[in-house]
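*Asks:* requesting a structural model of the entry that follows:
(2 chains)
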Amino acid sequence: MGTVVVDVMPKQEILDPQGQAVVGALRRLGQSRFSDVRQGKRFTLQVEGEVTEEVLAAAREAAETLLSNPVIEDVVSVRELVEGEVASS
Amino acid sequence: MRVGVVTFPGSLDDHDAQRAVELAGGEAVPLWHGDTDLGGVDAVVLPGGFSYGDYLRCGAIARFAPVMDVLVPAARGGLPVLGICNGFQVLCESHLLPGALVRNDHQQFACVDQRLRIERVDTAWTGDFAQDEEVTIVLKNGEGAFMADEHTLDALEGEGRVVARYLGPNPNGSRRAIAGISNERGNIVGLMPHPEHCVEEGYGPGLDGLPFFTSVLRAVVDA
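*Replies:* As a prediction, the model looks like this:
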(Lines give C-alpha, C1' and ligand atoms only; values in the text may rest on other atoms or scores of the structure.)
Protein backbone atom coordinates (compact mmCIF):
# COMPACT_ATOMS: atom_id res chain seq x y z
CA MET A 1 0.00 0.00 0.00
CA GLY A 2 1.44 3.33 -1.02
CA THR A 3 0.49 6.94 -0.53
CA VAL A 4 1.05 10.00 -2.68
CA VAL A 5 1.19 13.43 -1.06
CA VAL A 6 0.00 16.47 -3.03
CA ASP A 7 0.63 19.96 -1.66
CA VAL A 8 -1.24 22.96 -3.07
CA MET A 9 -0.63 26.61 -2.11
CA PRO A 10 -2.33 29.86 -3.08
CA LYS A 11 -0.31 31.74 -5.68
CA GLN A 12 2.03 34.40 -4.27
CA GLU A 13 0.25 37.23 -6.06
CA ILE A 14 -3.17 36.19 -4.70
CA LEU A 15 -4.15 37.71 -1.37
CA ASP A 16 -4.63 34.89 1.17
CA PRO A 17 -7.22 36.22 3.64
CA GLN A 18 -7.10 33.01 5.72
CA GLY A 19 -3.34 33.31 6.13
CA GLN A 20 -3.79 36.97 7.06
CA ALA A 21 -6.31 36.00 9.75
CA VAL A 22 -3.90 33.40 11.14
CA VAL A 23 -0.96 35.82 11.26
CA GLY A 24 -3.20 38.29 13.10
CA ALA A 25 -4.16 35.64 15.66
CA LEU A 26 -0.51 34.69 16.16
CA ARG A 27 0.33 38.31 16.95
CA ARG A 28 -2.42 38.37 19.56
CA LEU A 29 -0.74 35.30 21.12
CA GLY A 30 2.51 37.21 21.32
CA GLN A 31 4.02 35.33 18.37
CA SER A 32 5.10 38.35 16.41
CA ARG A 33 8.20 36.80 14.84
CA PHE A 34 6.04 35.26 12.07
CA SER A 35 5.63 38.14 9.69
CA ASP A 36 3.45 36.30 7.17
CA VAL A 37 1.39 33.11 7.01
CA ARG A 38 -0.01 31.46 3.91
CA GLN A 39 -2.46 28.60 4.18
CA GLY A 40 -2.46 25.77 1.66
CA LYS A 41 -3.92 22.29 1.28
CA ARG A 42 -2.46 18.81 1.55
CA PHE A 43 -4.05 15.78 -0.10
CA THR A 44 -3.01 12.18 0.54
CA LEU A 45 -3.94 9.73 -2.21
CA GLN A 46 -3.75 6.06 -1.34
CA VAL A 47 -3.09 3.29 -3.86
CA GLU A 48 -3.27 -0.48 -3.42
CA GLY A 49 0.18 -1.23 -4.82
CA GLU A 50 3.46 0.62 -4.86
CA VAL A 51 3.85 4.25 -5.85
CA THR A 52 5.30 3.87 -9.33
CA GLU A 53 6.17 6.59 -11.84
CA GLU A 54 2.82 5.85 -13.49
CA VAL A 55 0.98 6.42 -10.20
CA LEU A 56 2.85 9.70 -9.68
CA ALA A 57 1.95 10.79 -13.23
CA ALA A 58 -1.73 10.06 -12.56
CA ALA A 59 -1.49 11.97 -9.27
CA ARG A 60 0.06 14.94 -11.08
CA GLU A 61 -2.82 14.90 -13.52
CA ALA A 62 -5.34 14.77 -10.66
CA ALA A 63 -3.50 17.64 -8.98
CA GLU A 64 -3.68 19.83 -12.08
CA THR A 65 -7.27 19.05 -13.09
CA LEU A 66 -9.20 18.71 -9.84
CA LEU A 67 -7.13 19.23 -6.71
CA SER A 68 -5.95 22.72 -7.70
CA ASN A 69 -7.18 25.65 -9.77
CA PRO A 70 -4.20 27.00 -11.74
CA VAL A 71 -5.72 30.49 -11.82
CA ILE A 72 -5.29 30.94 -8.08
CA GLU A 73 -3.17 28.02 -6.82
CA ASP A 74 0.14 26.27 -7.47
CA VAL A 75 0.79 22.56 -7.07
CA VAL A 76 4.02 22.80 -5.09
CA SER A 77 4.76 19.08 -4.80
CA VAL A 78 3.54 15.62 -5.80
CA ARG A 79 5.59 12.89 -4.11
CA GLU A 80 5.47 9.54 -2.37
CA LEU A 81 4.88 9.54 1.35
CA VAL A 82 8.17 8.58 2.95
CA GLU A 83 8.39 5.77 5.49
CA GLY A 84 7.71 6.91 9.04
CA GLU A 85 5.85 10.01 7.87
CA VAL A 86 2.27 10.21 9.12
CA ALA A 87 -0.35 10.37 6.35
CA SER A 88 -3.19 11.28 8.68
CA SER A 89 -3.97 11.07 12.34
CA MET B 1 -39.64 30.01 -23.56
CA ARG B 2 -38.24 27.33 -21.31
CA VAL B 3 -35.39 28.20 -18.97
CA GLY B 4 -33.70 25.37 -17.10
CA VAL B 5 -32.50 25.90 -13.53
CA VAL B 6 -29.94 23.35 -12.33
CA THR B 7 -30.11 22.08 -8.76
CA PHE B 8 -26.87 20.69 -7.34
CA PRO B 9 -26.69 19.17 -3.85
CA GLY B 10 -26.31 22.32 -1.76
CA SER B 11 -27.89 24.77 -4.22
CA LEU B 12 -29.89 27.38 -2.30
CA ASP B 13 -31.35 29.84 -4.76
CA ASP B 14 -32.68 27.46 -7.38
CA HIS B 15 -36.30 28.07 -6.41
CA ASP B 16 -35.83 31.85 -6.39
CA ALA B 17 -34.29 31.59 -9.86
CA GLN B 18 -37.24 29.51 -11.08
CA ARG B 19 -39.59 32.08 -9.61
CA ALA B 20 -37.72 34.92 -11.33
CA VAL B 21 -38.02 33.12 -14.68
CA GLU B 22 -41.78 32.73 -14.19
CA LEU B 23 -42.23 36.38 -13.10
CA ALA B 24 -40.38 37.44 -16.25
CA GLY B 25 -42.90 35.47 -18.31
CA GLY B 26 -40.93 32.31 -19.01
CA GLU B 27 -41.43 28.68 -18.08
CA ALA B 28 -38.95 27.44 -15.47
CA VAL B 29 -37.72 23.88 -15.96
CA PRO B 30 -36.03 22.25 -12.95
CA LEU B 31 -32.88 20.35 -13.95
CA TRP B 32 -30.99 17.96 -11.64
CA HIS B 33 -27.21 17.70 -11.32
CA GLY B 34 -27.43 14.04 -12.32
CA ASP B 35 -29.37 14.73 -15.54
CA THR B 36 -27.68 13.67 -18.74
CA ASP B 37 -29.76 15.86 -21.03
CA LEU B 38 -31.07 19.41 -20.81
CA GLY B 39 -34.68 18.59 -21.72
CA GLY B 40 -34.64 20.88 -24.74
CA VAL B 41 -34.53 24.11 -22.73
CA ASP B 42 -33.79 27.44 -24.45
CA ALA B 43 -31.47 28.76 -21.72
CA VAL B 44 -30.01 27.64 -18.38
CA VAL B 45 -29.44 29.31 -15.00
CA LEU B 46 -26.81 27.94 -12.61
CA PRO B 47 -28.09 29.23 -9.27
CA GLY B 48 -26.41 30.41 -6.09
CA GLY B 49 -25.72 28.34 -3.02
CA PHE B 50 -23.03 25.98 -1.86
CA SER B 51 -22.89 23.14 -4.38
CA TYR B 52 -21.34 20.03 -2.83
CA GLY B 53 -20.80 22.03 0.36
CA ASP B 54 -18.18 24.18 -1.39
CA TYR B 55 -15.80 21.29 -0.69
CA LEU B 56 -12.35 21.49 -2.30
CA ARG B 57 -13.08 24.90 -3.90
CA CYS B 58 -16.37 26.64 -4.69
CA GLY B 59 -17.77 25.05 -7.86
CA ALA B 60 -14.89 22.58 -8.24
CA ILE B 61 -16.94 19.42 -7.71
CA ALA B 62 -20.06 20.72 -9.49
CA ARG B 63 -17.94 21.16 -12.61
CA PHE B 64 -17.77 17.37 -12.93
CA ALA B 65 -21.50 16.72 -12.35
CA PRO B 66 -23.18 14.73 -15.17
CA VAL B 67 -25.36 17.70 -16.20
CA MET B 68 -22.20 19.72 -16.87
CA ASP B 69 -21.08 17.15 -19.45
CA VAL B 70 -24.03 18.25 -21.60
CA LEU B 71 -24.18 21.88 -20.49
CA VAL B 72 -20.56 22.78 -21.29
CA PRO B 73 -20.73 21.85 -25.01
CA ALA B 74 -24.21 23.42 -25.32
CA ALA B 75 -22.90 26.67 -23.82
CA ARG B 76 -19.90 26.61 -26.16
CA GLY B 77 -22.43 26.16 -28.98
CA GLY B 78 -24.32 29.32 -28.01
CA LEU B 79 -26.94 28.26 -25.44
CA PRO B 80 -27.57 31.22 -23.10
CA VAL B 81 -26.23 30.38 -19.62
CA LEU B 82 -26.31 32.63 -16.56
CA GLY B 83 -24.25 31.64 -13.51
CA ILE B 84 -25.22 33.51 -10.37
CA CYS B 85 -22.81 33.56 -7.41
CA ASN B 86 -22.01 29.85 -6.92
CA GLY B 87 -23.11 29.41 -10.54
CA PHE B 88 -20.47 31.99 -11.57
CA GLN B 89 -17.90 29.96 -9.62
CA VAL B 90 -19.01 26.81 -11.47
CA LEU B 91 -18.63 28.60 -14.85
CA CYS B 92 -15.08 29.65 -13.95
CA GLU B 93 -14.13 26.18 -12.71
CA SER B 94 -15.57 24.76 -15.95
CA HIS B 95 -13.36 27.17 -17.96
CA LEU B 96 -16.43 28.60 -19.69
CA LEU B 97 -15.35 31.93 -18.21
CA PRO B 98 -11.83 33.03 -17.28
CA GLY B 99 -10.59 33.81 -13.78
CA ALA B 100 -11.68 32.55 -10.37
CA LEU B 101 -13.61 33.71 -7.33
CA VAL B 102 -11.75 33.77 -4.02
CA ARG B 103 -12.52 34.64 -0.42
CA ASN B 104 -13.56 38.26 0.26
CA ASP B 105 -10.53 40.34 1.23
CA HIS B 106 -12.19 41.39 4.52
CA GLN B 107 -12.82 37.68 5.34
CA GLN B 108 -16.47 38.27 6.14
CA PHE B 109 -19.64 37.23 4.44
CA ALA B 110 -21.07 40.22 2.58
CA CYS B 111 -24.84 40.75 2.46
CA VAL B 112 -25.73 44.16 1.06
CA ASP B 113 -27.91 45.99 -1.44
CA GLN B 114 -25.16 46.65 -3.97
CA ARG B 115 -25.01 49.44 -6.54
CA LEU B 116 -23.79 48.22 -9.92
CA ARG B 117 -23.20 49.62 -13.37
CA ILE B 118 -24.26 47.43 -16.31
CA GLU B 119 -21.42 47.87 -18.81
CA ARG B 120 -22.24 45.31 -21.49
CA VAL B 121 -25.78 45.23 -22.83
CA ASP B 122 -25.38 43.06 -25.93
CA THR B 123 -25.32 39.79 -23.98
CA ALA B 124 -28.23 37.34 -23.94
CA TRP B 125 -28.90 38.35 -20.31
CA THR B 126 -28.53 42.15 -20.33
CA GLY B 127 -30.27 43.34 -23.52
CA ASP B 128 -33.08 44.98 -21.57
CA PHE B 129 -30.70 47.31 -19.70
CA ALA B 130 -29.49 50.66 -20.99
CA GLN B 131 -25.73 51.03 -21.53
CA ASP B 132 -24.07 52.03 -18.22
CA GLU B 133 -27.41 51.81 -16.39
CA GLU B 134 -26.94 51.96 -12.62
CA VAL B 135 -28.92 49.39 -10.66
CA THR B 136 -29.17 47.98 -7.14
CA ILE B 137 -28.95 44.20 -6.74
CA VAL B 138 -28.54 42.02 -3.66
CA LEU B 139 -24.96 40.82 -3.11
CA LYS B 140 -24.41 37.94 -0.65
CA ASN B 141 -21.28 35.86 -0.66
CA GLY B 142 -18.18 34.85 1.25
CA GLU B 143 -15.99 34.05 -1.74
CA GLY B 144 -16.94 36.69 -4.26
CA ALA B 145 -13.66 38.39 -5.12
CA PHE B 146 -13.01 38.02 -8.83
CA MET B 147 -9.36 37.18 -9.58
CA ALA B 148 -7.46 36.89 -12.84
CA ASP B 149 -3.98 37.84 -13.97
CA GLU B 150 -3.39 41.32 -15.38
CA HIS B 151 -3.25 40.04 -18.95
CA THR B 152 -6.68 38.39 -18.62
CA LEU B 153 -8.14 41.48 -16.93
CA ASP B 154 -6.82 43.72 -19.71
CA ALA B 155 -8.29 41.36 -22.31
CA LEU B 156 -11.70 41.35 -20.57
CA GLU B 157 -11.71 45.16 -20.44
CA GLY B 158 -10.39 45.56 -23.98
CA GLU B 159 -12.97 43.19 -25.44
CA GLY B 160 -15.79 44.83 -23.48
CA ARG B 161 -16.58 41.65 -21.61
CA VAL B 162 -17.08 43.21 -18.17
CA VAL B 163 -20.86 42.95 -17.79
CA ALA B 164 -21.29 44.58 -14.39
CA ARG B 165 -19.03 46.56 -12.07
CA TYR B 166 -19.43 47.45 -8.40
CA LEU B 167 -20.06 51.12 -7.65
CA GLY B 168 -18.91 52.73 -4.39
CA PRO B 169 -16.50 50.94 -2.04
CA ASN B 170 -15.35 47.57 -3.42
CA PRO B 171 -17.47 45.07 -1.43
CA ASN B 172 -15.13 42.06 -1.62
CA GLY B 173 -11.76 42.93 -3.12
CA SER B 174 -12.69 41.97 -6.69
CA ARG B 175 -10.00 42.94 -9.17
CA ARG B 176 -11.06 46.14 -10.93
CA ALA B 177 -14.37 46.00 -9.03
CA ILE B 178 -15.68 43.37 -11.44
CA ALA B 179 -19.11 42.00 -10.50
CA GLY B 180 -19.83 40.04 -13.68
CA ILE B 181 -18.23 39.00 -16.95
CA SER B 182 -19.22 37.27 -20.17
CA ASN B 183 -17.68 35.15 -22.88
CA GLU B 184 -16.86 36.83 -26.17
CA ARG B 185 -20.14 35.86 -27.82
CA GLY B 186 -22.19 37.10 -24.88
CA ASN B 187 -24.33 34.01 -24.36
CA ILE B 188 -22.51 33.02 -21.15
CA VAL B 189 -22.63 35.46 -18.23
CA GLY B 190 -21.32 35.04 -14.69
CA LEU B 191 -22.57 37.40 -12.01
CA MET B 192 -21.73 37.59 -8.31
CA PRO B 193 -24.81 39.60 -7.20
CA HIS B 194 -28.23 37.94 -7.15
CA PRO B 195 -30.76 39.39 -9.63
CA GLU B 196 -33.24 36.61 -8.77
CA HIS B 197 -33.76 38.25 -5.37
CA CYS B 198 -34.77 41.56 -6.98
CA VAL B 199 -37.80 40.67 -9.07
CA GLU B 200 -40.83 41.25 -6.86
CA GLU B 201 -42.19 44.28 -4.99
CA GLY B 202 -41.75 43.97 -1.24
CA TYR B 203 -38.78 41.63 -1.47
CA GLY B 204 -35.28 43.00 -1.82
CA PRO B 205 -34.25 46.52 -2.79
CA GLY B 206 -36.34 46.76 -5.98
CA LEU B 207 -37.00 45.19 -9.34
CA ASP B 208 -33.60 45.78 -10.93
CA GLY B 209 -32.97 42.04 -11.28
CA LEU B 210 -35.92 41.40 -13.56
CA PRO B 211 -34.30 42.64 -16.82
CA PHE B 212 -31.74 39.80 -16.66
CA PHE B 213 -34.59 37.33 -17.04
CA THR B 214 -36.71 39.30 -19.51
CA SER B 215 -33.57 39.88 -21.62
CA VAL B 216 -32.95 36.19 -22.15
CA LEU B 217 -36.57 35.54 -23.11
CA ARG B 218 -36.28 38.27 -25.75
CA ALA B 219 -32.86 36.98 -26.89
CA VAL B 220 -34.29 33.49 -27.39
CA VAL B 221 -37.29 34.83 -29.36
CA ASP B 222 -35.01 36.95 -31.56
CA ALA B 223 -32.54 34.12 -32.14
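*Asks:* next to chain B, which bits of chain A? Give me the list.
*Replies:* Residues of chain A lying near chain B by C-beta under 8 Å from any C-beta of the partner chain: A:13-15, A:17-18, A:20-21, A:66-67, A:69, A:71-72. Backbone N, C-alpha and C define where each C-beta goes, glycine included.
*Asks:* where does the prediction get shaky in chain A?
*Replies:* Applying pLDDT under 70 to chain A flags residues A:87-89.
*Asks:* please enumerate the strands of chain A.
*Replies:* A:2-10, A:41-47, A:73-80 (DSSP state E).
*Asks:* dump these to JSON lines, plus mean neighbour count.
*Replies:* Shown next, in JSON lines, are these (neighbours: other C-beta atoms under 10 Å in any protein chain shown):
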{"stretch": "strand A:2-10", "mean neighbour count": "19"}
{"stretch": "strand A:41-47", "mean neighbour count": "15"}
{"stretch": "strand A:73-80", "mean neighbour count": "16"}
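*Asks:* just put those in JSON lines and tack on distance to residue B:67.
*Replies:* Below are the strands of chain A laid out as JSON lines (distance: least, C-beta to C-beta, whole Å):
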{"stretch": "strand A:2-10", "distance to residue B:67": "27"}
{"stretch": "strand A:41-47", "distance to residue B:67": "26"}
{"stretch": "strand A:73-80", "distance to residue B:67": "25"}
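*Asks:* nearest to residue B:72, of these?
*Replies:* Counting by C-beta to C-beta, residue B:72 lies closest to strand A:73-80 out of these; the figure is 21.7 Å.
*Asks:* give me the angle between the closest one and strand A:41-47.
*Replies:* Here the directions of strand A:73-80 and strand A:41-47 differ by 40 degrees (axes from the mean of the first three to the mean of the last three C-alpha atoms, to 10 degrees).
*Asks:* for residue A:1, give me its contacts.
*Replies:* By C-beta atoms under 8 Å, 6 or more residues apart in numbering or on different chains, residue A:1 lies in contact with A:46-49.
*Asks:* give me the element residue B:5 is part of.
*Replies:* Using DSSP states H and E, the element containing residue B:5 is strand B:2-7.
*Asks:* next structured bit after that strand?
*Replies:* Per DSSP H and E, the first helix or strand lying C-terminal to strand B:2-7 is helix B:14-23.
*Asks:* and that following helix, what does it pack onto?
*Replies:* strand B:2-7, strand B:27-32, helix B:210-222 (3 or more C-beta pairs under 8 Å, 6 or more residues apart in numbering or on different chains; DSSP states H and E).
*Asks:* which of the ones you listed is buried the deepest?
*Replies:* For those, the largest average neighbour count (mean count of other C-beta atoms under 10 Å in any protein chain shown) is found in strand B:2-7, namely a mean of 24.
*Asks:* how far away is residue B:215 from residue B:123?
*Replies:* 8 Å (C-beta to C-beta, to the nearest Å).
*Asks:* my bad, residue B:163
*Replies:* For residue B:163 relative to residue B:123 (C-beta to C-beta), the value is 6 Å.
*Asks:* what sits up against stretch A:31-41?
*Replies:* The contact list for stretch A:31-41 (C-beta under 8 Å, 6+ apart) reads A:7-10, A:16, A:18-20, A:22-23, A:26, A:67, A:73, A:76.
*Asks:* good, wrapping up.
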